[in-house]
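S.K.: Fold the following, please.
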Amino acid sequence: MKHATRTLLQCTVHAVRSALALAAAAALAGAPLAAHADPQGLLETVKHHTTLINTVPDNGDQNPYAIFVAPVSSGTVKEGDVLIDNFNNAANLQGTGSTIVDYHPDTKQMTLFATIPRDFKECPGGVGLSTAMTMLKSGWVIVGSTPSNDGTTGTKGAGCMIVLDSSGKIAKVISSPNINDPWGNMAVVDNGNHATLFVSNAGFGVGGADGNPPVFKQATVLRLDLDIPSGQAPALKSETVVASGFGAQADKGVFLVGPTGLALSADNKLLYVSDAIGNRINVIEDPLTRDTSAGVGRQLTADGLLHRPLAMITTPQGHLLVTNALNGQVVEIDPVAAKQLYARWIDTDKAQTPPGNGDLFGIALTPAGDGFYYVQDDVNTLVLAK
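M.R.: Numbering: from 1, shown residues only. This next block holds a predicted model:
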């Protein structure tokens, strides 16, 4: 009887162990399925990259930089249109581009939105349209100029912010001692009759690019508070330097290296800054209300998948998408967890080393939030990732 009892116990233990092993196996097998069904971020859902249009207008301007999706229909622009500006002229000289083109997703056609005179006297140094561009709900388009006379930083001017109406006509210019080469894509809070713009300025101290140019830790993020009376151009109410001390450096290949990407958290309490020289993403707290500079703020994440981070946007999930300058990847970051999730190759052009090196600049979310637009500046194209 004792022997029979032991056998029964052994069978029972074996059955329990088998059940536990099966349950564990099932749990492990189910984990990838759960992850697949519930993506961590936007990049996982992107399946296709579609080249939409060549962005070169009739005057030959090239090197597309800024991208912005129109929030409203106004003038010659339809809601959902994609505005793209050019940093180079037909001779491919940097800091000399003067055009903004308008891609119409409904017709798949491109039109010229604006041509700004290269020697526009009201803008210190003239015109070379940078990655700083936005269109407000009131229809006004605001674009930054980081100009050069000969395509080098040796002849660069301080530049300005140019205000255009929704038909592409110049309405006014914003310039001040706080504006010196407005460089990166803007973060914007737009309430209709007033708006707040954040723009990085990378020109302070920077001179020519000969030899081994020094890094000047003088780049800033400037907050511009605008009043927008009905039917009138935006008026500058106040300007505040909310961040300072970022590195900037002249560069023969890309003109300037400096803080480029700006994006706000959903509650507007945090401003994220892509610090190209530091190869990191930093955070500025209380950007809408602070009246002093936070310096470079605090570091969110650095190195890893980042390779000279450039333009940056916020996804519907609250993640950050950041383009890399030194390869053809875009990186997705969870800012709450301060974690780099993954990188996706979006430019694999092997004419550069690594592939896509120096090709990526502007990035903009689609209106539905299910993908993003980006430019490949080496071939002057607008691409949709979705």
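S.K.: tell me how far the helix or strand where residue 310 lies is from the chain's mean position?
M.R.: In this structure, residue 310 sits in strand 309-314 according to DSSP states H and E. In terms of Cα atoms, centre = their mean, to the nearest Å, the gap separating the centre of strand 309-314 from the centre of its chain is 3 Å.
S.K.: That strand pairs with which strands, parallel or anti?
M.R.: strand 320-324 (antiparallel) (DSSP bridges).
S.K.: can you list contacts of the strand it pairs with?
M.R.: With contact meaning Cβ atoms under 8 Å, 6 or more residues apart in numbering, strand 320-324 is reached by 42-43, 261, 263, 272, 274, 281, 305-315, 329-333, 335, 343, 360-361, 363, 372, 374. (C-beta placed from N, C-alpha, C; glycine too.)
S.K.: The following helix or strand past that strand - what's its average pLDDT?
M.R.: Sequence order places strand 329-334 as the next helix or strand after strand 320-324, per DSSP H and E. Average pLDDT, strand 329-334: 98.
S.K.: Sheet-wise, list the partners of strand 329-334 with their directions.
M.R.: Strand pairing for strand 329-334, determined by DSSP bridges: strand 320-324 (antiparallel), strand 339-345 (antiparallel).
S.K.: circling back to that earlier point, separate out the buried members of the contacts of strand 320-324.
M.R.: Buried subset of these (neighbour count, 16 or more other Cβ atoms under 10 Å): 42-43, 261, 263, 272, 274, 281, 305-315, 329-333, 335, 343, 360-361, 363, 372, 374.
S.K.: hmm, back to that, output the strands paired with strand 329-334 in TSV, with mean pLDDT appended to each entry.
M.R.: Output for those, formatted as TSV (pLDDT from 0 to 100):
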stretch	mean pLDDT
strand 320-324	98
strand 339-345	96
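S.K.: and the nearest residue to residue 371 once chain neighbours are set aside, what pLDDT?
M.R.: Nearest non-adjacent residue to residue 371, counting by Cβ to Cβ, 6 or more residues apart in numbering: residue 386, 3.2 Å away. Predicted confidence (pLDDT) for residue 386: 95.
S.K.: Kindly report the same for residue 355.
M.R.: With respect to pLDDT, residue 355 scores 88.
S.K.: and what of residue 210?
M.R.: 88.
S.K.: and the closest residue to it other than its chain neighbours, helix, strand or coil?
M.R.: With Cβ to Cβ, 6+ apart as the criterion, residue 210 has its nearest non-adjacent residue at 7.6 Å, and that residue is residue 154. What DSSP: H, G, I helix; E, B strand; the rest coil gives for residue 154 is helix.
S.K.: and the gap between residue 154 and residue 245?
M.R.: Distance, residue 154 to residue 245, by Cβ to Cβ, to the nearest Å: 24 Å.
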